[in-house]
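Undergrad: what follows is a protein structure lacking sequence information:
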């Protein structure tokens, strides 16, 4: 199963990039480039989804419609 998750990227003052998601609370990733931040975000999302599925048997997503800067696809 694959899920599309909206990711927001913010450039930090020190030049790194911070990835977060309104759709998947707890997703926070940082990378030296946008591509690296997105790749790390994909790994973090996969782990969050697996942990939530183990605990609750489902994948709770926020219904907040936020700005879509990037979308990652996560094998779940």
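TA: Here it is on my side, so go on. Here the structure is a predicted model, which is why all the values come from computation and not from measurement.

Undergrad: make it CA atoms for all contacts and neighbour counts henceforth
TA: Noted.

Undergrad: below-threshold pLDDT in the protein: ranges please.
TA: Applying pLDDT under 70 to the chain picks out residues 1, 57-71, 75-76.

Undergrad: please redo it, this time with the cut-off set to 90
TA: Residue ranges of the chain with pLDDT under 90: 1-6, 23, 49-76.

Undergrad: by residue count, what's the longest strand in it?
TA: Using DSSP state E to define each element, the chain has its longest strand at strand 2-11.

Undergrad: mind giving me the packing neighbours of it?
TA: strand 17-20, strand 70-75 (3 or more C-alpha pairs under 8 Å, 6 or more residues apart in numbering; DSSP states H and E).

Undergrad: deepest in the core, which of those strands is it.
TA: strand 17-20 (a mean of 22; mean count of other C-alpha atoms under 10 Å).

Undergrad: after it, which helix or strand is next?
TA: Counting by DSSP states H and E, the element after strand 17-20 in chain order, helix or strand, is strand 28-31.

Undergrad: now the host helix or strand of residue 46 against strand 2-11, angle please.
TA: Per DSSP H and E: residue 46 is located in helix 34-56. Between the axes of helix 34-56 and strand 2-11, defined by axes from the mean of the first three to the mean of the last three C-alpha atoms, to 10 degrees, the angle is 130 degrees.

Undergrad: quick one: helix 34-56 to chain centroid distance?
TA: With C-alpha atoms, centre = their mean, to the nearest Å as the basis, helix 34-56 stands 6 Å off its chain's centre.

Undergrad: give me the helices and strands touching it, please.
TA: strand 17-20, strand 28-31, strand 70-75.

Undergrad: and that helix, what's buried?
TA: By 16 or more other C-alpha atoms under 10 Å, the buried positions in helix 34-56 come out as 34, 36-42, 44-46, 48-49.

Undergrad: need those residues in JSON lines (columns: distance to residue 12).
TA: Output for the buried residues of helix 34-56, formatted as JSON lines (distance: C-alpha to C-alpha, whole Å):
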{"residue": "34", "distance to residue 12": "11"}
{"residue": "36", "distance to residue 12": "14"}
{"residue": "37", "distance to residue 12": "12"}
{"residue": "38", "distance to residue 12": "15"}
{"residue": "39", "distance to residue 12": "17"}
{"residue": "40", "distance to residue 12": "16"}
{"residue": "41", "distance to residue 12": "16"}
{"residue": "42", "distance to residue 12": "19"}
{"residue": "44", "distance to residue 12": "19"}
{"residue": "45", "distance to residue 12": "21"}
{"residue": "46", "distance to residue 12": "24"}
{"residue": "48", "distance to residue 12": "24"}
{"residue": "49", "distance to residue 12": "26"}
